[in-house]
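J.: Provided below are the primary sequence and the corresponding predicted coordinates.
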Amino acid sequence: MSYAHLDAYSRILRGAYESAASGRLWPESPRHLIKASWRRSFDAGVDPEGTSAPLVYDASLIPDIRKSHPLQPLLPLMAKTLSGLAEETGHVMIVTDGDGRVLWREGNYSIMRRADEIGLATGHQWTEHSVGTNGIGTALAVGRPVHVYSEEHLMRVLHVWSCSAAPVTDPDTGRVIGCVDVSGTSRSLHPATVALVAATAKLAETELALRMHQRDERLRRRYESLRSRPGILLSSTGRVISGDPAGGLGGRVALTDTTFVPGQRMILRDGTVALLEPFSDGYLLRPAPSAMPSSLRLSFLGESTPTASLGDIERPLSLRHAEILTLLTLHRHGLTAEQLSFHLYGDAGNPVTIRAEIHRLRGQLGNAIAAKPYRLTCPVEADFLEIRRLLAGGDPSKLAAAYAGPLLPRSESPEIRRERDELEAQVRACLLRRGSPDDLWAYAQTCNGRDDYEILERLAELPPTDLRSAA
């Protein structure tokens, strides 16, 4: 949007502000919104008698943080719309990052000095968890424009303040990257203030979208200049730009590693393996060569020591490492350290412990495990996955021959226990319903089968000449 368009747009909005009725026509925030915000604030332990927002950024860090923030180029655009209004009406314009940390502010000098007293200043954080209900924090929490005035604030020191705020969402990543706010010491809000702030946030999002499309177009032109147009073109954030007309990738590929390694293998949503390569300001996703990486073979059923084989080398595993590999096999898109910790230890888990275990496990399996999130990067063959396949096929003889016993019988992980119990129940039901005496005998050799009364009763019905009946 050009500055000429911006001027016209700003005049329209300011005209609405100036022509709005005076008096007690101030909008009230939805009661349920404020009530829910207070509940979140109290749950976070915010003290209503607090006096200031916490300082989280040292002043020396602010210039570099500003330069790297995506809203930096749009600050003149937002200031053109809001700062004049803030200056004339005794308010201050605030722009934060996606975590409510103040990066920029402009407006009335005397109000900014008063704002310093409560930490409404550069480097301070304004979230519901830090200062309770407030325009910035509540807008970020609910993902929509809000206004909070006077006693709607949780902290009493803010009762002389009123504020209107709106979050700014990056159209490229879909994440909230900042918040625009107008705050002042009046006890009420003008009817047009919320609309003006919301419009400014939308204006920033529109400009971000325009710049994103311009980057995409430049990248697409370079891609189309290639004769063969190999692979699928991705933006730097993983959005699919060209080369996937059927939409098989769903519009976006998750690029979660903070550092990019050329030739990195990725497992796509359909299970195929592809190579990610840099291309100009984005990436190309190419089919992996026919020479597939070695499969990771997992043997986790029964009472024997769990083992993993990568290539021709078989490695015995500790129970904890076997549990981690089981969870990563069941979640092929990956798990964070926090998620792994919860699946293994519950609420008492510590992600630091998981990171240490993963480090040791990668020492044995190398690049078979990627990070951020933790995930398996090679094809996996697991005996418990094979049981799933055989159950679907309905052949009891093959099922009985392949089932060596329950999955990691010593594991106390809730998710592994669910998988173990479900496999056990389905295998047993299949064999009791359709299995031959040979199949039942094979199941009776497992740790659960040897004490299964119904299985043993069926075997006892065999002719006396059958040694299995006597056993």
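T.: Sure thing, it's come through. Numbers count the residues shown, from 1 in each chain.
J.: which secondary structure element is home to Ala199?
T.: helix 191-224 (DSSP states H and E).
J.: next: Ser52.
T.: Per DSSP H and E, there is no helix or strand for Ser52.
J.: how near is it to Leu120?
T.: 9 Å (Cβ to Cβ, to the nearest Å). All C-beta spots, glycine's among them, are computed from the backbone N, C-alpha and C.
J.: tell me which of the two has more neighbours.
T.: More crowded of Ser52 and Leu120, by other Cβ atoms under 10 Å: Leu120, with 26 against 16.
J.: phi first, then psi, for that one.
T.: phi -90, psi 70 (degrees, to the nearest 10).
J.: from memory it sits against Asn134, does it?
T.: No: in this structure, Leu120 is not within contact of Asn134 by Cβ atoms under 8 Å, at 9.2 Å.
J.: joint contacts of those two?
T.: Both Leu120 and Asn134 are contacted by Trp126, under the criterion Cβ atoms under 8 Å, 6 or more residues apart in numbering.
J.: how are the strands of the stretch 301-450 of the chain distributed by residue range?
T.: With DSSP state E, counting those that start in this stretch, the ranges of strands along the stretch 301-450 of the chain come out as 307-310, 313-316, 369-370, 375-376, 380-382.
J.: any chance of TSV for those, columns mean neighbour count?
T.: Shown next, in TSV, are those (neighbours: other Cβ atoms under 10 Å):
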stretch	mean neighbour count
strand 307-310	18
strand 313-316	12
strand 369-370	21
strand 375-376	19
strand 380-382	17
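J.: same list (these) but as JSON lines, adding distance to Thr206.
T.: Output for the strands of the stretch 301-450 of the chain, formatted as JSON lines (distance: least, Cβ to Cβ, whole Å):
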{"stretch": "strand 307-310", "distance to Thr206": "50"}
{"stretch": "strand 313-316", "distance to Thr206": "55"}
{"stretch": "strand 369-370", "distance to Thr206": "36"}
{"stretch": "strand 375-376", "distance to Thr206": "36"}
{"stretch": "strand 380-382", "distance to Thr206": "45"}
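J.: columns distance to Leu71 and mean pLDDT on top of the ones you listed, output as TSV?
T.: Putting the strands of the stretch 301-450 of the chain into TSV (distance: least, Cβ to Cβ, whole Å; pLDDT from 0 to 100) gives the following:
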stretch	distance to Leu71	mean pLDDT
strand 307-310	46	88
strand 313-316	49	85
strand 369-370	31	84
strand 375-376	32	88
strand 380-382	42	90
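J.: for Leu219, see how far away Ile232 is.
T.: Distance from Ile232 to Leu219, by Cβ to Cβ: 12 Å.
J.: where's Arg417 relative to Leu376, distance?
T.: Distance from Arg417 to Leu376, by Cβ to Cβ: 21 Å.
J.: just for the chain, where's the confidence low?
T.: Residue ranges of the chain with pLDDT under 70: 1-29, 83-89, 187-191, 227-229, 256-265, 269-272, 289-293, 462-463, 465-471.
J.: distance between the ends of stretch 339-350?
T.: Start-to-end span of stretch 339-350 (Cα to Cα, to the nearest Å) is 10 Å.
J.: check which residues of it are buried.
T.: Under the neighbour-count criterion of 16 or more other Cβ atoms under 10 Å, stretch 339-350 has Gln339, Leu340, Ser341, Phe342, His343, Leu344, Tyr345, Gly349 buried.
J.: my read: the second one touches Ile354, true?
T.: Yes: A contact is recorded between Leu340 and Ile354 when judged using Cβ under 8 Å, the distance being 4.8 Å.
J.: now the common contact residues for these two.
T.: Common contacts of Leu340 and Ile354, defined by Cβ under 8 Å, 6+ apart, comprise Ile324.
J.: quick one: the helices in the stretch 251-400 of the chain?
T.: 319-330, 337-345, 351-365, 383-393, 396-402 (DSSP state H, counting those that start in this stretch).
J.: roughly how far apart are Val197 and Pro30?
T.: For Val197, the distance to Pro30 - Cβ to Cβ - is 17 Å.
J.: and those two? Which one has more around it.
T.: Higher neighbour count among Val197 and Pro30: Val197, with 29 against 11, using other Cβ under 10 Å.
J.: what's the burial count for the nearest residue to that one once chain neighbours are set aside?
T.: With Cβ to Cβ, 6 or more residues apart in numbering as the measure, Ser164 is the residue that lies nearest to Val197, at 4.5 Å, once sequence neighbours are left out. If you count neighbours by other Cβ under 10 Å, Ser164 ends up with 27.
J.: doesn't Ser164 fall inside a strand?
T.: Yes: using DSSP: H, G, I helix; E, B strand; the rest coil, the assignment for Ser164 is a strand.
J.: residue contacts, it?
T.: With Cβ under 8 Å, 6+ apart, Ser164 has these contacts: Gly135, Pro145, Val146, His147, Asp181, Val182, Ser183, Leu189, Thr193, Val194, Leu196, Val197.
J.: repeat that for 6 Å
T.: Contacts for Ser164 (Cβ atoms under 6 Å, 6 or more residues apart in numbering) come out as His147, Val182, Thr193, Val194, Val197.
J.: and the gap between the third one and Gly184?
T.: Going from Thr193 to Gly184 by Cβ to Cβ gives 9 Å.
J.: with the fourth one instead?
T.: Taking Cβ to Cβ as the measure, Val194 falls 13 Å from Gly184.
J.: between those two, who's got more neighbours?
T.: Neighbours were counted for Val194 and for Gly184 using other Cβ under 10 Å; Gly184 has more, 24 against 21.
J.: state the phi and psi torsions of the more buried one.
T.: Here Gly184 shows phi and psi, under degrees, to the nearest 10, equal to phi -160, psi 180.
J.: tell me the spacing between it and Gly393.
T.: Taking Cβ to Cβ, one finds Gly184 at 70 Å from Gly393.
J.: same deal with Glu49?
T.: Using Cβ to Cβ, Glu49 is found at 67 Å from Gly393.
J.: please apply the same query to Val142.
T.: Taking Cβ to Cβ, one finds Val142 at 49 Å from Gly393.
J.: more neighbours: which of the two?
T.: Neighbour count, other Cβ under 10 Å: between Val142 and Gly393, Val142 has more, with 16 against 10.
J.: okay, now the residue nearest to Ala53 when sequence neighbours are not counted: neighbour count?
T.: Spatial nearest neighbour of Ala53, chain neighbours left out: Gly119 (3.4 Å); criterion: Cβ to Cβ, 6+ apart. Using other Cβ under 10 Å, Gly119 has 20 neighbouring residues.
J.: which stretches of the stretch 51-200 of the chain form strands?
T.: Under DSSP E, counting those that start in this stretch, the stretch 51-200 of the chain gives strands at 91-97, 102-107, 146-149, 162-169, 176-184.
J.: would JSON lines of the ones you listed with distance to Tyr443 be doable?
T.: Shown next, in JSON lines, are the strands of the stretch 51-200 of the chain (distance: least, Cβ to Cβ, whole Å):
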{"stretch": "strand 91-97", "distance to Tyr443": "59"}
{"stretch": "strand 102-107", "distance to Tyr443": "65"}
{"stretch": "strand 146-149", "distance to Tyr443": "61"}
{"stretch": "strand 162-169", "distance to Tyr443": "55"}
{"stretch": "strand 176-184", "distance to Tyr443": "54"}
